[in-house]
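Trainee: give me a model of this one.
(2 chains)
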Amino acid sequence: MDSWGTMALNITEYSRPPAEIFMKEKDLLPDPTNLLQPSTILQGGGRRRKRRELSGYCTKEEFDALEADFYAGTSRTLMCDDGFTMEARIEKFNSASRKLGSNYVFFSVTFIEA
Amino acid sequence: MRFIPSTIRTLLKSKAMVGGNAPCMEVVLPEKTVGTQTLPVKRIWISREEAAIAQRAVIEIENVNPDNPLDPGYFMPYRSDDFAGQSENEWKFQLIPGKRICVYLGYGTEKVLSFYGEIDEASFEATATGYTISLDCRDLGAFLVDNLMIGPDPEEPYYVAFDTMDVSDIVRSALVAAGFAPDAIVTEPSGVLRDMEFEEQTYADLIEWAIDATGFQFYISEDGKPHFIPSKDRYPNVENEEHVCVLGQEVSLENFPVASGTEKVKRDPLGSVVYTRDVDYTIDYATGKITPLPTGNMLPSQTFYTDYVFAAWTFRHGEDIFSLTYSLSRRNQYGKIIVEGDGAEGSWTAPESYWDTHSIPQSKVLRTINTELLEDAECTAQAIKLAENMQRRYMQVEFAAVAVPWLQVGDCIQVIEYSSTISEIYKIVSLKIEYSGSEAIMTMRCYYFGYAAIA
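Mentor: Residues are numbered from 1 along each chain as shown, chains lettered A, B, ... in the order given. Predicted structure coming up:
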């Protein structure tokens, strides 16, 4: 079950891009006698923070709570139903819409590793 | 020259310093007593110049609580609970001018002390997108540059006199007076005896005078120790490396490439018999192999001794050079050098033309005055020495490469690059190292030292 802290998330779409790693490729002066080998250097280590992009829906009241967490930078445990868990903050809302007559908000949100 | 671990030698030629072998950097405050947190360093620049007494480093630090991205200003020295949500922490009064700083640079888990100095200026920048501390530091040479020497007489506090003694001893006592620990000071006897008076002059002025009087060099090493030693001592050089002679069978020197013509192959450590190249032995400079010739005078089954200068590192196209500028310049070349001493004079005159046909007219004269020199022969010797240094600077190379933080100003290196056709041994006169989490680059300016073969 997908959840944000104690709040259940009704997820309809789940995107799990791998975290970006720090790596730079720098051009070397080539060895003209050995042009078949790469003429670059790779340097770098470490990674950026993990992210999860989730699309789903929740009640207007639940969305108010999500939005409050977003503005406060609150970190909570994000659990996804594929077993993935991380302490996370809400980085951004990609979309959030509520139809006339409905109490549900359909949203897309990006969580970032806390 | 500092020992470069073999694992690093292999790594830096692998073209991939990533993951667990990525560039690594650490900034430590050695006087800080509480050490539960490390500084989140973003970028480090270190600049070392042969001619500068004080060397410089600039360190950029992310000024945000590493455990809470919503807590900026975490490393501020004046942080307190005056602002809601802030509280005093272990960084109180730490990142301020005068605090000692150590910088370690390397790859993976192998790091080397690359700078030891003090904070000169701390800047705290806040923008809408981030918070950064910039620490502008100089090594302990800053004290020598900034401060006047103080003498014992309160009536004339800035008057200092030295009785006749070896100039190295004068330098040593001045360095002790400047605050360096006696066992951290490295000097060698110069054999030059002088008495000297200084009035309202800095420690750096005294050192400049001592360099002129002896021809020695002065530098403060990366670990903060001042050195006043003969110039030759900073080459990577070996003295009395021992090998057993088997006629016709090559032996491998422990270090290579060897600078052409620098080897001395001797029968005993004192060099009472020095063997002749191509008569008694042959040498392959690129691979450091010596072969005693059966037709020569070397003694079979006996130990022989070798001195030589070698390149601490070989930078090569396709392996570790990013960009390179090779310069031939007559700008600081002279046709005649005249050294005036105290009642003495000596000179050196350039050949009519050099090996590449360039020439400098003898009417282009450099005249220097060194009142420490009392004999014509001393003046001539100094003129010849100036000429040697000048001629080497005709050919210079400046290049950017994969950082090797173990290298030091004064080290000899080999540079091989196809388009410029260079493959010689060069001596480093300036080093600029730039480190971040994802790159480690070193820019060097070097002058020609000697020929070396391409391996």
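
Trainee: tell me which parts of chain A are close to chain B?
Mentor: A:22-24, A:26-34, A:37-46, A:73 (CB under 8 Å from any CB of the partner chain). To be clear about C-beta, it is placed using only N, CA and C from the backbone, and glycine gets the same treatment.

Trainee: of the residues you listed, buried ones?
Mentor: Neighbour-count burial within these applies to A:22-24, A:28-31, A:39, A:41-45; the criterion is 16 or more other CB atoms under 10 Å in any protein chain shown.

Trainee: check those and tell me the two furthest apart.
Mentor: Spanning the widest gap among these are A:F22 and A:D31, at 27.1 Å by CB to CB.

Trainee: relative to chain A, which residue of the stretch 251-400 of chain B is the closest?
Mentor: Per CB to the nearest CB, B:G318 is where the stretch 251-400 of chain B lies closest to chain A, at 2.7 Å.

Trainee: the closest residue to that residue other than its chain neighbours in helix, strand or coil?
Mentor: Spatial nearest neighbour of B:G318, chain neighbours left out: A:D31 (2.7 Å); criterion: CB to CB, 6 or more residues apart in numbering or on different chains. With DSSP: H, G, I helix; E, B strand; the rest coil as the basis, the three-state label of A:D31 is coil.

Trainee: and A:D31, what pLDDT?
Mentor: Note for A:D31: predicted pLDDT of 91.

Trainee: ok, it - contacts?
Mentor: By CB atoms under 8 Å, 6 or more residues apart in numbering or on different chains, A:D31 lies in contact with A:Q37, A:S39, B:R316, B:H317, B:G318, B:E319, B:Y418.

Trainee: and these, which of them are buried?
Mentor: Judged by neighbour count, with buriedness set by 16+ other CB under 10 Å, the buried members of the contacts of A:D31 are A:S39, B:R316, B:H317, B:G318, B:E319.

Trainee: need those in JSON lines (columns: pLDDT).
Mentor: Formatted as JSON lines, those follow (pLDDT from 0 to 100):
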{"residue": "A:S39", "pLDDT": "93"}
{"residue": "B:R316", "pLDDT": "96"}
{"residue": "B:H317", "pLDDT": "95"}
{"residue": "B:G318", "pLDDT": "94"}
{"residue": "B:E319", "pLDDT": "95"}
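
Trainee: in strands only, show me the contacts of A:D31.
Mentor: When those are checked against strands using DSSP state E, the ones located there are B:R316.

Trainee: A:A96: which of the contacts of A:D31 is nearest?
Mentor: Using CB to CB, those come closest to A:A96 at A:S39, 48.3 Å.

Trainee: I'd assumed A:L28 was in contact with that closest one.
Mentor: Yes - distance between A:S39 and A:L28: 4.7 Å, which falls inside the contact criterion (CB atoms under 8 Å).

Trainee: can you pull the residues that touch both of these two?
Mentor: B:G318.

Trainee: how many neighbours does the nearest residue to B:K289 once chain neighbours are set aside have?
Mentor: Among residues not flanking B:K289 along the chain, B:E250 sits closest, at 4.5 Å (CB to CB, 6+ apart). Applying the criterion other CB atoms under 10 Å in any protein chain shown, we find 15 residues in the vicinity of B:E250.

Trainee: report pLDDT for B:E250.
Mentor: 95.

Trainee: if I pick it, what's in contact with it?
Mentor: Counting by CB under 8 Å, 6+ apart, the residues that B:E250 touches are B:D284, B:K289, B:I290, B:T291.

Trainee: just the buried residues of those.
Mentor: Judged by 16+ other CB under 10 Å, buried ones among the contacts of B:E250: B:D284, B:I290, B:T291.

Trainee: out of the residues you listed, flag the one nearest to B:A22.
Mentor: Taking CB to CB as the measure, B:A22 sits nearest to B:D284 out of these, at 36.4 Å.

Trainee: hang on, isn't the closest one packed against B:I454?
Mentor: No - counting by CB under 8 Å, B:D284 does not reach B:I454; the two are 11.4 Å apart.

Trainee: residues in contact with stretch B:32-47?
Mentor: B:25-27, B:55-62, B:64, B:66, B:75, B:90-91, B:94, B:103, B:105, B:114-115, B:132, B:430-437.

Trainee: ChimeraX command for the buried members of the residues you listed?
Mentor: Only the buried entries of the contacts of stretch B:32-47 go into this ChimeraX selection, using 16+ other CB under 10 Å:
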select /B:25,26,27,55,56,57,58,59,60,61,62,64,75,91,94,103,105,114,115,132,430,431,432,433,434,435,436,437
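
Trainee: of the contacts of stretch B:32-47, which ones also sit close to chain A?
Mentor: Near chain A, judged by CB under 8 Å from any CB, the entries from the contacts of stretch B:32-47 are B:G437.

Trainee: the chain: helices as residue ranges?
Mentor: Since no chain was named, I'll use chain A. A:60-72 (DSSP state H).

Trainee: that answer is for a different chain, and I need it for chain B
Mentor: Secondary structure of chain B, counting by DSSP H: helices at B:6-12, B:141-146, B:167-177, B:203-214, B:376-392.

Trainee: which secondary structure elements does the first one contact?
Mentor: If I follow you right, that is helix B:6-12. With contacts defined as 3 or more CB pairs under 8 Å, 6 or more residues apart in numbering or on different chains; DSSP states H and E, helix B:6-12 has these neighbours: strand B:100-107.

Trainee: mind listing the strands the strand it packs on pairs with, and their directions?
Mentor: Paired strands of strand B:100-107, with direction, are strand B:23-28 (antiparallel), strand B:110-127 (antiparallel) (DSSP bridges).

Trainee: how about the longest one as PDB, C-alpha atoms only?
Mentor: The C-alpha atoms that make up strand B:110-127 are tabulated as PDB, following Å, rounded to 0.1, in the frame of the first residue of the first chain:
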ATOM      1  CA  GLU B 110      44.000   8.000  -0.600                       C
ATOM      2  CA  LYS B 111      44.500  11.600   0.400                       C
ATOM      3  CA  VAL B 112      47.500  13.800   0.900                       C
ATOM      4  CA  LEU B 113      47.900  17.000   2.900                       C
ATOM      5  CA  SER B 114      47.800  19.700   0.300                       C
ATOM      6  CA  PHE B 115      47.600  22.900   2.300                       C
ATOM      7  CA  TYR B 116      48.200  24.000   5.800                       C
ATOM      8  CA  GLY B 117      47.500  27.600   6.600                       C
ATOM      9  CA  GLU B 118      45.200  30.100   8.200                       C
ATOM     10  CA  ILE B 119      42.000  31.800   7.200                       C
ATOM     11  CA  ASP B 120      42.600  35.300   6.000                       C
ATOM     12  CA  GLU B 121      39.000  36.200   5.100                       C
ATOM     13  CA  ALA B 122      35.700  34.500   5.600                       C
ATOM     14  CA  SER B 123      32.800  35.600   3.400                       C
ATOM     15  CA  PHE B 124      29.200  34.400   4.000                       C
ATOM     16  CA  GLU B 125      27.000  34.700   0.900                       C
ATOM     17  CA  ALA B 126      23.300  34.300   1.000                       C
ATOM     18  CA  THR B 127      21.300  34.300  -2.300                       C
END
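
Trainee: centre of the chain to it, how far?
Mentor: Between the centre of strand B:110-127 and the centre of its chain there are 20 Å (CA atoms, centre = their mean, to the nearest Å).

Trainee: now, the buried ones among the contacts of B:E250 that are in strands?
Mentor: With strands defined by DSSP E, the entries of those inside them are B:D284, B:I290, B:T291.

Trainee: mind checking how far the second one is from B:A452?
Mentor: Read that as B:I290. For B:I290, the distance to B:A452 equals 15 Å [CB to CB, to the nearest Å].

Trainee: and what of A:G56?
Mentor: A:G56 is 67 Å from B:A452, where distance means CB to CB.

Trainee: with A:R76 instead?
Mentor: Look at A:R76 and B:A452: by CB to CB, they are 63 Å apart.

Trainee: look up phi and psi at the residue nearest to B:K289.
Mentor: The main-chain torsion angles of B:E250 are listed as degrees, to the nearest 10 and equal phi -80, psi 150.

Trainee: still on that earlier bit, of A:R76 and B:A452, which one has the most company?
Mentor: B:A452 (27 against 17).
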